[in-house]
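>>> Everything below, folded, please.
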Amino acid sequence: MIAAAIFLVLGLALLMYAGDYFVTGASRMAAALQISPVIVGALVLGFGTSAPEMVVSGLAAWRGNLDLGLGNIVGSNVANLSLGLGVAGLISSVAISKSAINREGPISLGAALLFSLVVIDGTLSRIDGIILLVALLAVILYLVKSPSATPEVFNETSIYKFTPNLLLALAGLAGVLIGAQFAVTGATRLATGWGLSGGFIGFSIVALGTSLPELVTTIAAARQKETDLIIGNLFGSNLFNSLAVGGSMGLVGGGVLEDVTMRGRGIYLMLAVIFFAYLLCVWGKKISRSKGALLLALYMGTMLLVGLA
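Residues are numbered from 1 along each chain as shown. This is a model prediction of the structure:
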């Protein structure tokens with residue numbers, strides 16, 4: 001049990017630090033290629049910060065622990081838009097760009113709905129995985145071709161050398177892969193030792209760990225008043241969690257999802273949290289500190305509702 005806990009902690013720590021390097025390298029590569037900040041937030045950071053979820057869930061599925069992977073996706077989606085957005089609001093009121101939320105919100109919610117429809121029957125097949133990945137490709141093409149995706153003029157301080165940051169991103173990705181191995185091994189052993197389902201371990205401990213890159217990026221963006229980056233990062237990460245991570249799970253290790261609570265109550269709570277966060281962003285011009293506190297309370301309540309099931 002102690003060894004399993006050490007494996008999990010080491011794995012999550014490595015995921016956090018390696019994920020940070022991966023995101024930094026990917027973001028600077030995007031700047032060097034003069035990619036629009038909108039695309040950086042929604043695609044580059046969204047994909048980059050979802051790398052831990054993808055590797056952990058994919059590896060769990062490959063090892064036959066689909067419930068751990070499912071719990072990680074559901075828990076990460078919940079954490080992003082309750083814990084992540086809530087912390088951002090507490091640090092500094094997040095002004096909501098109407099164009100950003102109108103673009104990112106419905107796409108993220110639609111991706112979560114599609115993922116839910118795919119897994120709610122208790123199975124995740126390779127066909128399901130292909131459907132999710134095709135939907136992801138369609139969304140990427142839409143975002144890239146949208147008017148807001150046109151490149152902006154970057155000043156000289158924004159341009160980074162491409163090759164060094166490619167190496168930085170690759171080193172971060174390698175660390176993520178190693179960290180995922182430790183995290184999945186530790187989480188699986190703990191779930192067995194404590195008599196808990198892999199789904200709940202994935203939903204709570206593992207999801208919190210794999211969501212740390214999103215949280216770190218969001219905190220940095222909040223301090224710098226980069227509100228569009230916050231919306232793009234959090235909603236974009238949920239998009240990739242639902243479609244890319246879910247799709248990769250189906251391709252590498254499809255099968256039966258045995259955790260009834262996770263594919264039932266967990267899925268419904270995830271959709272409720274995403275929809276509630278979207279409404280908060282649409283109805284108000286900002287995520288104030290009071291709304292941030294409300295979102296944090298929502299995160300804690302969701303943990304309790306799933307844990308007590």
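
>>> Going by C-alpha atoms from here, please, whenever you check contacts or count neighbours.
OK.

>>> quick one, phi/psi of Ser288?
When quoted as degrees, to the nearest 10, the phi and psi of Ser288 stand at phi -80, psi 180.

>>> in terms of contact, does it touch Ile91 like I think?
No - using CA atoms under 8 Å as the test, Ser288 is too far from Ile91 to be in contact (9.4 Å).

>>> The two: who's more crowded?
Looking at Ser288 and Ile91 with other CA atoms under 10 Å, you find the greater number of neighbours at Ser288, namely 19 against 15.

>>> So what's the residue count around the residue nearest to the more buried one when sequence neighbours are not counted?
Excluding its sequence neighbours, the residue lying closest to Ser288 (CA to CA, 6 or more residues apart in numbering) is Ser93, at 4.6 Å. When neighbours are counted by other CA under 10 Å, Ser93 registers 21.

>>> Would you confirm that Ser93 contacts Lys291?
No - using CA under 8 Å, Ser93 and Lys291 do not qualify as a contacting pair, with a distance of 9.2 Å.

>>> what's the distance between the helix or strand harbouring Leu304 and the middle of its chain?
When secondary structure is defined by DSSP states H and E, Leu304 falls within helix 289-307. A distance of 17 Å separates the centroid of the chain from that of helix 289-307, by CA atoms, centre = their mean, to the nearest Å.

>>> try stretch 193-204
Stretch 193-204 has its C-alpha centroid displaced from the chain centroid by 19 Å (CA atoms, centre = their mean).

>>> got it, and stretch 285-299?
Taking the mean of its C-alpha atoms, stretch 285-299 sits 19 Å from the chain's own mean (CA atoms, centre = their mean).

>>> Tell me which residues are up against it.
For stretch 285-299, contacts defined as CA atoms under 8 Å, 6 or more residues apart in numbering pick out 78-79, 81-83, 85-97, 273, 277, 280-281.

>>> go on, stretch 55-68?
For stretch 55-68, contacts defined as CA under 8 Å, 6+ apart pick out 69-70, 72-73, 176-177, 180-181, 183-184, 188, 197-203, 245, 248-250, 252-259, 262.

>>> State the mean pLDDT of that stretch.
Stretch 55-68 shows an average pLDDT of 87 in the prediction.

>>> Give me the buried positions along stretch 51-69.
Within stretch 51-69, the residues that count as buried by 16 or more other CA atoms under 10 Å are 51-62, 64-69.

>>> Out of the residues you listed, which sit inside strands?
Assignment to strands by DSSP state E places none of these there.

>>> Give the buried residues for the helix holding Leu304.
Of the residues in helix 289-307, 289, 291-293, 295-296, 298-299, 302-303, 306 count as buried by neighbour count, 16+ other CA under 10 Å.

>>> how about the residues you listed, which pair is most distant?
By the measure CA to CA, Arg289 and Val306 form the most distant pair in those, at 26.0 Å.

>>> Which stretches in the stretch 151-300 of the chain count as strands?
Counting by DSSP state E, counting those that start in this stretch, residue ranges of the strands within the stretch 151-300 of the chain are 255-256, 286-287.

>>> ok, now the stretch 1-150 of the chain?
In the stretch 1-150 of the chain, strands defined by DSSP E, counting those that start in this stretch lie at 94-95, 123-124, listed in chain order.

>>> Looking at these, which is nearest to Asn165?
Closest of those to Asn165 is strand 94-95, at 29.4 Å (criterion: CA to CA).

>>> in the stretch 201-309 of the chain, which ranges drop under the pLDDT threshold?
309 (pLDDT under 70).

>>> re earlier: mind checking which of the contacts of stretch 285-299 are in helices?
For these, membership in helices holds for 78-79, 85-91, 273, 277, 280-281, with DSSP state H as the criterion.

>>> if I look at the residue nearest to Ser97 when sequence neighbours are not counted, how far off is Glu214?
When the adjacent residues along the chain are set aside, Ser97 lies closest to Asp228, with 6.6 Å between them (CA to CA, 6+ apart). With distances taken as CA to CA, to the nearest Å, Asp228 is found 14 Å from Glu214.

>>> ok, these two, which is more surrounded?
Neighbours per residue, other CA under 10 Å: of Asp228 and Glu214, the larger number sits with Glu214, 28 against 22.

>>> Quick check, that one in contact with Gly236.
No - with contact defined as CA under 8 Å, Glu214 does not reach Gly236; the gap is 10.2 Å.

>>> Around Asn193, count how many other residues there are.
That one is not Asn; residue 193 is Gly. Using other CA under 10 Å, the number of residues around Gly193 comes to 11.

>>> got it, and Arg265?
Other residues within reach of Arg265, judged by other CA under 10 Å, total 14.

>>> before we move on, what about Ser99?
Using other CA under 10 Å as the criterion, Ser99 is surrounded by 10 other residues.

>>> quick one: pLDDT of it?
79.

>>> Same question for Gly46.
In this model, Gly46 is scored at 68, pLDDT.
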